[in-house]
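[1] build me a structure from this.
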Amino acid sequence: MKYISEKFQIILVLLAIVVNSCQKGKEYIITNDQEDTKAIDLYGSRKLENPYTVANMEKAMENLKSKIDSKRITGKFSKSIEEIEITTSHYYIKFIPETKEQEGLLKQDSELHVFDYPLDWEFTDEYLDNRPELPEDTYPEYYTAIPINKSLPQGVPYEIIEELYIPEDDPMFNNDLNKSNPGSTKQGSINNREDLLRHLLNEAYILTGNEKDLYENPKNYDNPEAIWIFGSKWYPSGTLKIWDDNAGETITWNKEFSHWIYYNCGNNDNAPIEKMMPQPDNGQQCKKAVYNYTQSDTQGKYVPLVGAQVLMRQWFTVRQGITDNNGNFNTGSIRGKARYIIQWERYEYSIRNGSLFQAETRGPKVKKQDWNHNIKGGDDEYHGMIHTAAHTYYYGGRFGLTSPPTNAFFKKQMKIAAREQNGISSHVHQRRWIHLAQIHIKEWGEQSQQVFGTTIHELAHAAHWNLDKNAYNNLVWDGYISDEVFNNAHPGDVRTLETWATTVEIMFALERYKDHFNQPDYLYGKRSGVPIINFQFQRIEDENFYTSAGYDMIDNINQRNKYGIEFPIDRVSGYTIKQLENGLKGARNWIQWRNNIKAKTNNPTEVYVNELFNNWN
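    Numbering: from 1, shown residues only. Here you go, the predicted model:
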């Protein structure tokens with residue numbers, strides 16, 4: 001893998017703070033006025049008329065009352081419509097954060113689901129993947145619908161775009177739905193509150209040109225009976241898997257035609273004729289195809305996508321589900337057509353598509369259909385594998401190690417930028433000063449294990465900072481900044497930073513690919529396509545920073561004996577990775593880390609620790 005996790009980065013960040021005030025970026029404007037969007041390539045996206053505004057719902061209700069008065073709608077519950085008053089139930093809000101702190105406040109409410117695009121537009125994937133750049137020193141605008149009695153994040157500027165009435169969430173309708181279960185609603189008849197809800201939604205959607213979204217069966221647009229079952233509740237669910245190049249092998253069987261066998265059609269047991277012929281010798285014979293089957297082994301397989309946040313969005317109604325260890329998910333109930341969305345974030349972290357915008361995978365817009373989806377290729381797989389690593393580090397056991405920075409009061413989500421580049425990935429905590437993602441991953445097109453491992457590596461740097469900020473900052477300053485600016489030589493400080501992150505990377509990769517996927521012969525690591533075998537197949541002269549020293553203290557392999565004199569001598573074994581992390585506390589250089597490990601831990605191979613560390617002096 002390719003990493004230089006801190007080099008030049010902090011210097012560039014500090015310079016960027018100055019430069020950003022002098023640069024002018026492109027505008028990003030989406031408004032309710034179609035005219036304002038002509039300068040933007042919308043890739044087929046379009047503005048929708050909102051059926052849930054209070055004004056449109058009032059018009060829909062007036063239409064119903066008119067039909068009842070004229071007897072076009074009857075039923076024992078029809079007169080009860082007079083009891084209903086259309087009032088504001090939700091606000092459609094645009095948050096406009098102006099600082100990193102304000103943006104962070106939006107992410108601290110786990111029940112607040114925000115989107116960085118307007119919810120009354122139908123956007124294409126092409127547009128969302130090619131949005132214009134934001135002006136410098138600005139943040140994405142976030143959209144959501146919030147019940148009127150819900151507290152807003154304090155201190156975040158916002159605008160109320162529209163006042164909404166969402167009848168699906170009105171207790172008047174929801175209280176009786178589970179009891180009544182009336183099944184289909186007849187056109188022109190209101191016999192219970194469920195019927196009333198369906199008629200109201202139908203009127204609002206027809207009024208705004210959105211009625212096709214609520215048909216039960218899109219093939220029955222011309223069937224007037226089809227619309228009267230659209231309102232029934234359903235519970236989205238499904239199973240998500242992701243392709244992993246290194247999780248094992250996929251075995252497939254290929255069927256190929258071989259030849260025909262002819263037999264007498266009147267023979268009850270269809271016994272084949274002994275002598276094969278190219279064609280029947282009379283009209284009384286039938287033929288049977290014979291196939292050969294060949295096995296094909298493909299490196300990689302689909303594995304469950306664990307811990308992913310699936311949102312089911314139907315206009316302003318959003319239901320959430322989290323995939324379990326088998327990739328299964330289910331959400332709360334919803335009505336009508338809705339779109340499945342994987343929003344690649346959890347409470348602790350958010351993966352960005354590029355640097356600023358939220359990464360998403362948009363599924364189908366359906367009614368009463370599960371979403372069973374296999375993710376392979378492109379940015380969906382890329383985002384999914386970065387998520388897999390981040391979820392493992394934040395929500396897994398992580399060997400008892402310190403967590404990367406978490407999301408809490410006065411803290412923020414970890415932002416991880418998924419860059420579609422192949423180059424130097426990095427962690428720079430100071431990027432938060434200029435609203436950039438702290439971690440940038442640049443493993444586009446690489447194997448799954450490399451995307452996973454690189455993400456773990458950079459999160460390990462973040463966790464190191466979280467463990468001991470003063471010691472970590474000192475290592476970064478002496479190892480990278482002072483070396484570059486003042487030409488001071490502190491290679492041991494760089495070695496400490498990168499050897500530690502490499503050790504964590506190896507351990508997480510082995511746990512996933514060797515243990516979890518039951519591949520006892522699995523060995524982690526390639527660099528530029530060359531196997532490096534858990535970072536141990538590296539000559540001393542070829543690698544002075546990303547060393548195997550940490551993993552050497554855990555394993556029981558001596559590279560000198562196995563590979564030759566050009567490789568490190570390693571007579572140390574039996575340490576745990578948690579013991580190595582304990583040694584990082586207060587360690588401001590390579591020797592201090594070594595001495596801390598020896599002082600805080602009893603190990604029978606301790607006498608060889610100095611010898612191991614001296615391989616890279």
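
[2] and residue 585, backbone torsions?
    Dihedral pair for residue 585: phi -60, psi 120, per degrees, to the nearest 10.

[3] what's the spacing between it and residue 448?
    Distance, residue 585 to residue 448, using C-beta to C-beta, to the nearest Å: 33 Å. Yep, even glycine has a C-beta here, placed from its N, CA and C like the rest.

[4] ditto for residue 88
    For residue 88 relative to residue 448 (C-beta to C-beta), the value is 48 Å.

[5] who's more crowded, residue 585 and residue 448?
    Between residue 585 and residue 448, counting by other C-beta atoms under 10 Å, residue 448 is the more crowded of the two (24 against 13).

[6] and the more buried one, how far from residue 244?
    Going from residue 448 to residue 244 by C-beta to C-beta gives 4 Å.

[7] and the pLDDT for the closest residue to residue 95 other than its chain neighbours?
    Leaving out its chain neighbours, the residue that sits closest to residue 95 by C-beta to C-beta, 6 or more residues apart in numbering is residue 142, at 4.4 Å. We have a pLDDT of 95 for residue 142.

[8] who's in contact with residue 142?
    Taking C-beta atoms under 8 Å, 6 or more residues apart in numbering as the criterion, residue 142 is in contact with 94, 95, 97, 106, 114, 115, 116.

[9] of all those residues, which two lie farthest apart?
    With C-beta to C-beta as the measure, no two of the contacts of residue 142 lie farther apart than 97 and 115, at 13.9 Å.

[10] neighbour count: these two, which is higher?
    residue 97 (22 against 19).

[11] list the contacts of that one.
    By C-beta under 8 Å, 6+ apart, the contact list for residue 97 reads 103, 105, 106, 139, 142, 156, 157.

[12] of the residues you listed, buried ones?
    103, 105, 106, 139, 142, 156 (16 or more other C-beta atoms under 10 Å).

[13] contacting residues for residue 129?
    353, 379.

[14] need the per-residue pLDDT for it.
    84.

[15] now do residue 70
    pLDDT, residue 70: 89.

[16] for the stretch 501-617 of the chain, give me the ranges with low pLDDT.
    Residues of the stretch 501-617 of the chain that meet the criterion pLDDT under 70 lie in 526-530.

[17] can you give me the strands in it?
    For the stretch 501-617 of the chain, the strands defined by DSSP state E, counting those that start in this stretch occupy 526-527, 530-531.

[18] which of the helices and strands in the protein ranks last by mean pLDDT?
    Counting by mean pLDDT, DSSP states H and E, the weakest-scoring helix or strand in the chain turns out to be helix 9-19, with a mean of 41.

[19] helices and strands around whichever helix or strand comes after it, which ones?
    Helices and strands here follow DSSP states H and E; after helix 9-19, the next one along the chain is strand 46-47. In terms of contacts (3 or more C-beta pairs under 8 Å, 6 or more residues apart in numbering; DSSP states H and E), strand 46-47 is packed against strand 121-122.

[20] helices or strands up against the strand it packs on?
    Packed on strand 121-122, when contacts are counted by 3+ C-beta pairs under 8 Å, 6+ apart, are strand 46-47.

[21] tell me the helix or strand right after the strand it packs on.
    helix 54-69.

[22] in CSV, list the contacts of residue 142 along with distance to residue 567.
    Listed next are these as CSV, based on distance: C-beta to C-beta, whole Å:
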residue, distance to residue 567
94, 59
95, 55
97, 52
106, 51
114, 52
115, 52
116, 49
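
[23] does residue 423 touch residue 445 like I think?
    No. The pair residue 423 / residue 445 is not scored as a contact, 11.4 Å apart, by C-beta atoms under 8 Å.

[24] helices of the stretch 151-300 of the chain, start to end?
    171-180, 193-207 (DSSP state H, counting those that start in this stretch).

[25] which one of these has the poorest average confidence?
    Looking at those, the bottom one is helix 171-180 with a mean of 62.

[26] mind giving me the domain split of the protein?
    Following the assignment in automatic domain parsing, the chain carries domains at 38-229, 384-616.

[27] now for the ones you listed, which one comes closest to residue 289?
    Short answer: domain 38-229, nearest of those by C-beta to C-beta, at 35.5 Å.

[28] the closest residue to residue 569 other than its chain neighbours: what's it in contact with?
    Once flanking residues are discounted, residue 569 sits nearest to residue 560: 4.1 Å by C-beta to C-beta, 6+ apart. Shown in contact with residue 560 (C-beta under 8 Å, 6+ apart): 567, 568, 569, 570.

[29] equivalent analysis for residue 45, please.
    So residue 45 contacts 121, 122, 123, 124, 127 (C-beta under 8 Å, 6+ apart).

[30] re earlier: which of the contacts of residue 97 sits closest to residue 187?
    residue 142 (40.1 Å).

[31] gap between that closest one and residue 438?
    19 Å.

[32] just residue 243 next, same as before
    Distance of residue 243 to residue 438, given as C-beta to C-beta: 28 Å.

[33] look at these two and report which has more neighbours.
    Each of residue 243 and residue 438 has its neighbours counted (other C-beta under 10 Å); residue 438 has more, 25 against 20.

[34] who touches the residue nearest in space to the middle of the chain in this structure?
    Geometric centre of the chain, nearest residue: residue 344, 2.4 Å, by C-alpha atoms, centre = their mean. By C-beta under 8 Å, 6+ apart, the contact set of residue 344 is 308, 309, 350, 351, 358, 359, 360, 361, 383, 384, 386, 387.

[35] cool, residue 91 as well?
    Residue 91 sits in contact with 145, 146, 148, 160, 162, 163, 164, where contact means C-beta under 8 Å, 6+ apart.

[36] can you check residue 550 too?
    If you count contacts by C-beta under 8 Å, 6+ apart, residue 550 has them with 499, 500, 502, 503, 506, 577, 580.

[37] identify, from those, the entry nearest to residue 366.
    Nearest member of the contacts of residue 550 to residue 366, counting by C-beta to C-beta, is residue 506, at 42.5 Å.

[38] give me the phi and psi for the residue nearest to residue 95.
    phi -120, psi 140.

[39] what distance do you get for it to residue 293?
    For residue 142, the distance to residue 293 - C-beta to C-beta - is 54 Å.

[40] cool, and residue 205?
    Taken as C-beta to C-beta, the span from residue 205 to residue 293 is 52 Å.

[41] show me which of these two is the more surrounded one.
    Using other C-beta under 10 Å, the more surrounded residue of residue 205 and residue 293 is residue 205, with 24 against 9.

[42] got a list of what the more buried one touches?
    So residue 205 contacts 51, 211, 213, 214 (C-beta under 8 Å, 6+ apart).

[43] next, format those as a markdown table and append pLDDT, distance to residue 196 and neighbour count.
    Shown next, in a markdown table, are the contacts of residue 205 (pLDDT from 0 to 100; distance: C-beta to C-beta, whole Å; neighbours: other C-beta atoms under 10 Å):
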| residue | pLDDT | distance to residue 196 | neighbour count |
| --- | --- | --- | --- |
| 51 | 96 | 16 | 26 |
| 211 | 80 | 18 | 18 |
| 213 | 77 | 20 | 20 |
| 214 | 70 | 15 | 23 |
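
[44] perfect, that will be all.
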